[in-house]
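Asks: Okay, here's the prediction I keep looking at, along with the sequence it came from:
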Number of protein chains: 2
Amino acid sequence: MPAHPPVIAIVGAGAVGGYYGARLAEHGHDVHFLLRSDYETVKSKGWSVKSIAGDFDLRPDRFHSYDDPRKMPAADLIVVTLKSTSSDQFDPLIRPLLKSDSVILTLQNGLGNEERIAELFGPERLIGGLAYVCTTRVAPGQIHHTFNGKIQLGEFTGTPSDRARDIAKLFESSNVTAEVLSNFRWGKWRKLVWNVPFGGLGALLDLHTDELLADPKGVQLVRALMQEVIDAAGALGHQMAPDLIKQMIPYTLEMGHYRSSMQVDRNENRPMEVEAILREPLRQARQAGVEAPRLASLYELLSILDSRRGAACPAVAGLRGMTKSE
Amino acid sequence: MPAHPPVIAIVGAGAVGGYYGARLAEHGHDVHFLLRSDYETVKSKGWSVKSIAGDFDLRPDRFHSYDDPRKMPAADLIVVTLKSTSSDQFDPLIRPLLKSDSVILTLQNGLGNEERIAELFGPERLIGGLAYVCTTRVAPGQIHHTFNGKIQLGEFTGTPSDRARDIAKLFESSNVTAEVLSNFRWGKWRKLVWNVPFGGLGALLDLHTDELLADPKGVQLVRALMQEVIDAAGALGHQMAPDLIKQMIPYTLEMGHYRSSMQVDRNENRPMEVEAILREPLRQARQAGVEAPRLASLYELLSILDSRRGAACPAVAGLRGMTKSE
């Protein structure tokens, strides 16, 4: 990180990028948001955040808004909060922001994004991050932050560094808890232990986290999927705490009536992060000799739904009263 | 079967029981229907059948309707077309119809129903049957028959018998193709090769048969599930034809835009035949040493949906425009 106040670019200012970027700007940092559909609203009205860490409004003169990365200044820190389904946009959206010493921080779910970014722009630029946060974009420029908020980050290659600690301090100075991980990939797999069951089952069965956990069969399947991910991680050298499953169930219940982002994507007929959250972990699990049959089925089933976007959950009211049999 | 014209009882006159019973009555047989919700309409207006084998209407003086099995005469042939989710009703619905030489013919999906009936009323009474038919109850008393229509039947214990051939002739004399199986359990498993993927995936993903087959990933998963059922059947001594999967895909495409009965049950928030079509086959597969991981996942996932009846496929319109992330 440079001696001067760093120029921070937020690439993909949705519910996650909007929240963290607004927190940084609220605390006086020089934040530049790249927006898409919400550009006009955010540029004219700013951000409005309702948060368990404190509500705040941010007038548009406190930050910079853009609808095109080519209009943005080169950035010291580029925070990537795009959905992994936009990974084909990494090059056109990120490259215009690069200078020789730009650092890229990813805050994305699933596996594979960091590898793609490292390949495009060099692994030495890359800090991997994890956002443990429940945020909802309730309207353009309006974010509701309901749970946790912690960021974990670590060097993509190698061990903890000064720059990783500097970025953590940047967030810590902005009312965001930030931890430096000694092993980023371990952290990735730990987060997958949550994302696979609650993202995958939530989207497939169209059930909120609390609905899944209200059913003993739901709890059983959540636990079984978590165990498959833990086994895969272990085979890859990432040992999880023995009580991780026991921790994650009450942690999830605390979230209340929560829709995972993958369930939201299904409901909204948007592409789901099936490749990053299910397929790539499955590929790595199998490469390490772990079968993970429930993860495999979840991937197969969701990839059918994903490729049939727009056809799921049809109105059936007109068919009521009919019965059929084969 | 007796020398006099047999008294035929249809227990569970829905889309399947209604169709076959109406065909038998159309051809002069003495048919007694046990109805539930459609009793009043059928008793006063009769049956109206649109069928690829020929449309016909049947006035109510051509058959007998009942809303209570205790009002019915003892029957020579009791045709059981109840959903397997009603298996706790076998005793109160069937026992009042029994005399010493009553024969029971089941026309149900999945495994386990025949065993329950055999236990209650004696295996020697039992003829197992399979209905290869697409019928839809479009309104009370109104049935639409759109595909196939063949019945296969065989002795529950032992080899082909005169009485099995007599029952087949009864149907054959009523415009219904009927075949006698030398091994009823083999036939059961053969039918499961269809019911597991199209019933199970159809219900879980809420996709019609043609929608599943329109997607290469759908076809792939259908085939993989079929293979698991075929492997299980093989391990239990029921060898399927080597080209069965290759036969069943175009056979299913011929059905057109078809909703499996399990998908209909899900859409209607009715109990699904998860136990008979998925769980009992899975149990037998595992007992025979076959893992069937996709069948296992399908069972686990559908049993969650089934136990959460009423909560699936919620209206999401009010939530549009929201995004979330964990």
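Replies: All right, it came through fine. Residues are numbered from 1 along each chain as shown, chains lettered A, B, ... in the order given.
Asks: Just the helices from chain A, written as ranges.
Replies: Applying DSSP state H to chain A gives helices spanning A:15-26, A:39-45, A:90-94, A:113-121, A:162-172, A:184-194, A:202-205, A:209-214, A:216-235, A:244-254, A:261-267, A:274, A:280-287, A:293-307.
Asks: okay, those in a markdown table with mean pLDDT and mean neighbour count next?
Replies: Glycine gets a C-beta too; all of them are placed from N, C-alpha and C. Below are the helices of chain A laid out as a markdown table (pLDDT from 0 to 100; neighbours: other Cβ atoms under 10 Å in any protein chain shown):
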| stretch | mean pLDDT | mean neighbour count |
| --- | --- | --- |
| helix A:15-26 | 97 | 26 |
| helix A:39-45 | 98 | 16 |
| helix A:90-94 | 97 | 18 |
| helix A:113-121 | 96 | 18 |
| helix A:162-172 | 96 | 18 |
| helix A:184-194 | 97 | 21 |
| helix A:202-205 | 97 | 26 |
| helix A:209-214 | 97 | 20 |
| helix A:216-235 | 98 | 20 |
| helix A:244-254 | 96 | 14 |
| helix A:261-267 | 94 | 25 |
| helix A:274 | 97 | 27 |
| helix A:280-287 | 98 | 18 |
| helix A:293-307 | 97 | 23 |
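Asks: of these, which approaches residue B:306 most closely?
Replies: The closest of the helices of chain A to residue B:306 is helix A:216-235. By Cβ to Cβ, the value is 8.9 Å.
Asks: ok, residue A:44 touching residue A:60?
Replies: Yes - counting by Cβ atoms under 8 Å, residue A:44 does reach residue A:60; the two are 6.4 Å apart.
Asks: on that earlier part again, quick one: which of the helices of chain A is nearest chain B?
Replies: Chain B lies closest, by Cβ to the nearest Cβ, to one member of those: helix A:293-307, at 3.4 Å.
Asks: Please work out which residues outside that closest one touch it.
Replies: Under the criterion Cβ atoms under 8 Å, 6 or more residues apart in numbering or on different chains, residues A:196, A:200-201, A:203-204, A:221, A:224-225, A:228-229, A:232, A:266, A:271-272, A:274, A:278-279, A:281-282, A:285, A:312, B:201, B:204-205, B:207, B:212, B:215, B:217-218, B:220-221, B:224, B:291, B:293-294, B:296-298, B:300-301 lie in contact with helix A:293-307.
Asks: between that helix and helix A:216-235, what angle do the directions make?
Replies: Relative orientation of helix A:293-307 and helix A:216-235, computed by axes from the mean of the first three to the mean of the last three Cα atoms, to 10 degrees: 110 degrees.
Asks: Enumerate every residue touching residue A:247.
Replies: Contact analysis of residue A:247 by Cβ under 8 Å, 6+ apart lists residue A:241.
Asks: For it, give its distance to residue B:100.
Replies: Residue A:247 sits 64 Å away from residue B:100, going by Cβ to Cβ, to the nearest Å.
Asks: same check, this time on residue A:270
Replies: Taking Cβ to Cβ, one finds residue A:270 at 65 Å from residue B:100.
Asks: Looking at the two now, which is surrounded by more residues?
Replies: Legend: neighbour count by other Cβ atoms under 10 Å in any protein chain shown for residue A:270 and residue B:100, higher for residue A:270 (16 against 6).
Asks: How confident was the prediction at the more buried one?
Replies: The score at residue A:270 is 93. That number is its pLDDT.
Asks: show me what contacts it?
Replies: By Cβ under 8 Å, 6+ apart, the contact list for residue A:270 reads A:85, A:264, A:309.
Asks: Redo the residues you listed as TSV? Include distance to residue A:52.
Replies: Output for these, formatted as TSV (distance: Cβ to Cβ, whole Å):
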residue	distance to residue A:52
A:85	28
A:264	20
A:309	33
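Asks: show me which of those neighbour chain B.
Replies: On the criterion Cβ under 8 Å from any Cβ of the partner chain, residue A:264 are the entries of the contacts of residue A:270 that sit beside chain B.
Asks: Between the contacts of residue A:270, which sits nearest residue B:96?
Replies: Among the contacts of residue A:270, and counting by Cβ to Cβ, the member closest to residue B:96 is residue A:309, at 52.0 Å.
Asks: Roughly how far does the closest one sit from residue A:265?
Replies: As for residue A:309, its distance to residue A:265 is 9 Å (criterion: Cβ to Cβ).
Asks: what do these two both touch?
Replies: residue A:271.
Asks: what's the burial count for residue A:239?
Replies: Residues lying near residue A:239 (other Cβ under 10 Å) number 11.
Asks: Need the nearest residue in space to it, chain neighbours excluded.
Replies: In space, and not counting its chain neighbours, residue A:239 is closest to residue A:233: 7.6 Å by Cβ to Cβ, 6 or more residues apart in numbering or on different chains.
Asks: Look up how far residue A:248 lies from the one you found.
Replies: 14 Å.
Asks: Overlap of the contact sets of these two?
Replies: By Cβ under 8 Å, 6+ apart, residue A:233 and residue A:248 have these common neighbours: residue A:193.
Asks: and the nearest residue to residue A:116 once chain neighbours are set aside, what does it touch?
Replies: Among residues not flanking residue A:116 along the chain, residue A:87 sits closest, at 5.4 Å (Cβ to Cβ, 6+ apart). Listed by Cβ under 8 Å, 6+ apart, the contact set of residue A:87 reads A:112-113, A:116, A:276.
Asks: what do you get for residue A:186?
Replies: Applying Cβ under 8 Å, 6+ apart to residue A:186 gives the contacts A:233, A:238.
Asks: ditto for the one 4 residues further on
Replies: By Cβ under 8 Å, 6+ apart, the contact list for residue A:190 reads A:233, A:238, A:240, A:244.
Asks: Check residue A:159 too.
Replies: Contacts for residue A:159 (Cβ under 8 Å, 6+ apart) come out as residue A:182.
Asks: Distance check, it against residue A:106.
Replies: According to Cβ to Cβ, residue A:159 and residue A:106 sit 18 Å apart.
Asks: Can you name the residues of the stretch 151-300 of chain A that neighbour chain B?
Replies: Proximity of the stretch 151-300 of chain A to chain B (Cβ under 8 Å from any Cβ) is limited to residues A:194-195, A:198-199, A:201, A:204-207, A:211-212, A:214-215, A:217-218, A:220-221, A:224, A:255, A:258-261, A:264, A:267-268, A:291, A:293-294, A:296-298, A:300.
Asks: what do you get if the cut-off is 7 Å, keeping everything else the same?
Replies: A:204-206, A:211, A:215, A:217-218, A:221, A:259-261, A:264, A:267-268, A:293-294, A:297, A:300 (Cβ under 7 Å from any Cβ of the partner chain).
Asks: circling back: from residue B:254, how far out is the residue nearest to residue A:116?
Replies: From residue A:87 to residue B:254 the distance is 41 Å (Cβ to Cβ).
Asks: hang on, residue A:117 packs against residue A:105?
Replies: No - under the criterion of Cβ atoms under 7 Å, residue A:117 is not in contact with residue A:105, lying 10.2 Å apart.
Asks: intersection of neighbour lists for the two?
Replies: residue A:80 (Cβ atoms under 7 Å, 6 or more residues apart in numbering or on different chains).
Asks: Could you break chain A into its assigned domains?
Replies: Under the assignment automatic domain parsing, the domains of chain A span A:7-182, A:186-322.
Asks: How far off centre is the first one?
Replies: Read it as domain A:7-182. Put simply, domain A:7-182 sits 11 Å off its chain's centre (Cα atoms, centre = their mean, to the nearest Å).
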